[in-house]
Structures are given as structure tokens and as C-alpha cells.
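>>> Generate coordinates for the sequence data below:
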Amino acid sequence: MEAQHLHGKPHAEGEWSTGFFDCFSDCSNCCITFWCPCITFGQVAEIVDQGATTCGTAGALYALITAVTGGGCIYSCFYRKKIRAQYNISGNACGDCLKHFCCELCALTQQYRELKHRGFDMSLGWAGNVERQQNQGGVVMGAPVAHGGMTR
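Numbering: from 1, shown residues only. A predicted model of the protein is given here:
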């Protein structure tokens, strides 16, 4: 069975929309991820966390963990698991960690491309994507936005 992405590109249900080594299919993201993976990670984290984490916060934490311990790949593999759960993509935690440990840049770019193929404009962040969908009269691409505080 095939699922249809927002961009009209079919893929097998339960599979990633692009291959693990398809880094060069999005050359600009490939270059950004190569030189500054914290940017790509931050963009992915903000969308996956539905705005609960900002791109800057997630990216800075990723950079700090990587600089201090070299373990940024451990942090980022949890987001791979979250993406798989949100979009019902097959895989397991062991495979996620191995992919991030062996080729962090390929894993990050694949996650970025997956969200992009799912209709997110990664440069807008979560709030920008929600606003874009509301302006287009569409359905928000994730959980509804909850406004803080009690109201009557």
C-alpha cells in the first residue's frame, strides 16, 4: 500500500519518504547539516515537539552536548524515534541509535527531508507552519495548539 505525501510523492506505508543516503537530494540542507548540524537538529526538534521546543533552544542544547560529551547523536536519535511514532514509520530504537551513531549527518538530513515531504516548511518553524495552514484554511499538521492559562 502506498501513502501520498503533500508534495504528491508516493512512498510505501510505514517507510521513510527518502533513503538514508539521499543526503544530496536536498543540497542546501546537506551543506547546512555538514557545517552546522545544530541548525538542522533545531529545525527538526521544533517541528517534532510541535513548538514546545524552539529551534534555537534545541540547536544550542545539541551543540553543547556535542561539544562537551560528543554525544549529540544520542540526543538526536530520540527525535528519530518520535518521528517514527508520529508518522507510523517502521524501525526500532536500536536501529535509530546505530544510524545516528554511525552517520549522524545522514540521519539528520533524512529526518529533515521527511518533515519537508510531510508538508512542513522547515524555515518557518512550528508557529509559522500552523499560521500558514490556518491562512490557507487547511488543517493543522499536528496536534492542536493549546493556549496557556485558564479562560472563561
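
>>> Please name the nearest non-neighbouring residue to Lys82.
Spatial nearest neighbour of Lys82, excluding adjacent residues (C-beta to C-beta, 6 or more residues apart in numbering): Val48 at 5.0 Å. Every residue, glycine included, has its C-beta placed from N, CA and C.

>>> do you know how far that neighbour is from Arg80?
9 Å (C-beta to C-beta, to the nearest Å).

>>> and if you look at Ala67?
21 Å.

>>> If you count surrounding residues, which of these two has more?
Arg80 (25 against 10; other C-beta atoms under 10 Å).

>>> Contacts only, for that one.
Gly91, Asp96, Lys99, His100, Ala107, Gln111 (C-beta atoms under 8 Å, 6 or more residues apart in numbering).

>>> how much space between it and Cys106?
Taken as C-beta to C-beta, the span from Arg80 to Cys106 is 11 Å.

>>> Touching both of the two, which residues are there?
By C-beta under 8 Å, 6+ apart, Arg80 and Cys106 have these common neighbours: Lys99.
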